[in-house]
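Asks: What follows is a predicted structure for the sequence shown.
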Amino acid sequence: MTEAVAEADLPRTRRINTSEGVKLVTRFLVPLALAWSALSVPLAELGVAGEAMDRIRATGVLRAPFPDLWPPAVIRQPNGEIDGYDVEVLREIGRRIGAKIEYVKNSDGSVITWDEQTSGKWQGKYDIVVGGMSPTAKRAEHLSFPAIYRYGMAVLAVNRTNNEIKTPADASRKRIGVLKSSTHEKYLKREDPGILGAPPITYQIDDPVIVEFDHEEGAYDALSGGKIDGTINTLAVILELIKQGRPLKVVGQPLSRLPSCIAILPGDEDFAALVKKTVDDMRSDGTLMALSLKWYQYDMITP
């Protein structure tokens, strides 16, 4: 069953995305791969391009949704500025293609939801999402995934005072909070995430009460406050939250391992090729590994 969170009970804050890790077949990850050349040139040197590339080239700006806090992929520095692995990856992509990064919000100042980002209904507000998105077959119907930029393991976390849930199976029929439309929610619903090349998933939690959050930080707050029994997120995120003082602990072995991809809208082959080649270069020259070690202290980029 699925339960929506009443605002009076569980205040919603900013989303953090999360979904990650397993090797994909290239033809699924990059449907246009056979048509792409080894392109890695500044925007000004590109020829005919699609709508996104034309706009980026004309303005010199690469737009992305303002990210939710998702440590260590996205953190807030003491001065209020955001930083983290995902932030630095996007920043480096912008630097290499000669575009300034601009984070955008909704017209009312609210943070764009993960549900919208995964739906592909971007309405021209932004050009790219670097937010730990898993490339599912359903999402591939309206999004393009030109590059994997990290992997991660999903785990179950509970409040550290909880002595009843000692294994994932013990969370059966408990209130588990997850980001709406995430692969973690699919796990709880026992829905195949549709990622080609992934091994079969062994489901360990039966009939949970699913508590949906528009933004993942709401799940952190709810679990810390004892308002839900558990949450599913990547191991790196949970470990970082514990490091920050959140009263959480990991239960049992990882539930799954999925890849995180950069997402753009389909139909812009030049933009997709540029993103792919830029990330490939960042991988081959050691930049992605250096950022992984900086923010995670271990390898998050090797399948």
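Replies: Sure thing, it's come through.
Asks: which residues touch residue 127?
Replies: 52, 55-56, 62-64, 264-265, 271 (C-beta atoms under 8 Å, 6 or more residues apart in numbering). The way it works is simple: take the backbone N, C-alpha and C, and place the C-beta from them, glycine included.
Asks: and if we set it to 7 Å?
Replies: Residues in contact with residue 127 (C-beta atoms under 7 Å, 6 or more residues apart in numbering) are 52, 56, 62-63, 264.
Asks: Figure out the helix or strand that it lives in.
Replies: Counting by DSSP states H and E, there is no helix or strand that carries residue 127.
Asks: Next, give phi and psi for it.
Replies: phi -110, psi -20 (degrees, to the nearest 10).
Asks: and if you look at residue 60?
Replies: Per-residue torsions, residue 60: phi 70, psi 20 (degrees, to the nearest 10).
Asks: next one: residue 249
Replies: Main-chain dihedrals, residue 249, degrees, to the nearest 10: phi -150, psi 150.
Asks: wait, it sits on residue 158?
Replies: Yes: the pair residue 249 / residue 158 is scored as a contact, 6.3 Å apart, by C-beta atoms under 7 Å.
Asks: and those two? which has more neighbours close in?
Replies: Taking other C-beta atoms under 10 Å, residue 249 and residue 158 do not tie; residue 158 has more neighbours (24 against 15).
Asks: Using PDB, list the CA coordinates for the helix or strand hosting that one.
Replies: Using DSSP H and E, residue 158 maps to strand 144-159. Extracted in PDB, the C-alpha atoms of strand 144-159 (Å, rounded to 0.1, in the frame of the first residue of the first chain):
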ATOM      1  CA  SER A 144      17.900  10.200 -23.000                       C
ATOM      2  CA  PHE A 145      20.800   8.900 -20.900                       C
ATOM      3  CA  PRO A 146      24.100   9.700 -22.600                       C
ATOM      4  CA  ALA A 147      26.400   8.700 -19.800                       C
ATOM      5  CA  ILE A 148      26.700   6.800 -16.500                       C
ATOM      6  CA  TYR A 149      28.600   8.900 -14.000                       C
ATOM      7  CA  ARG A 150      28.500   6.800 -10.900                       C
ATOM      8  CA  TYR A 151      27.100   3.600  -9.300                       C
ATOM      9  CA  GLY A 152      25.700   2.900  -5.800                       C
ATOM     10  CA  MET A 153      24.100   0.400  -3.500                       C
ATOM     11  CA  ALA A 154      20.600   0.800  -2.100                       C
ATOM     12  CA  VAL A 155      20.300   0.000   1.600                       C
ATOM     13  CA  LEU A 156      17.600   0.000   4.300                       C
ATOM     14  CA  ALA A 157      18.100   2.400   7.200                       C
ATOM     15  CA  VAL A 158      16.200   2.800  10.400                       C
ATOM     16  CA  ASN A 159      16.400   5.000  13.500                       C
END
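Asks: Tell me what angle whichever helix or strand comes after it forms with strand 144-159.
Replies: Proceeding N to C from strand 144-159, the next assigned helix or strand is strand 175-179, under DSSP H and E. Orientation note: strand 175-179 sits at an angle of 150 degrees relative to strand 144-159 (axes from the mean of the first three to the mean of the last three C-alpha atoms, to 10 degrees).
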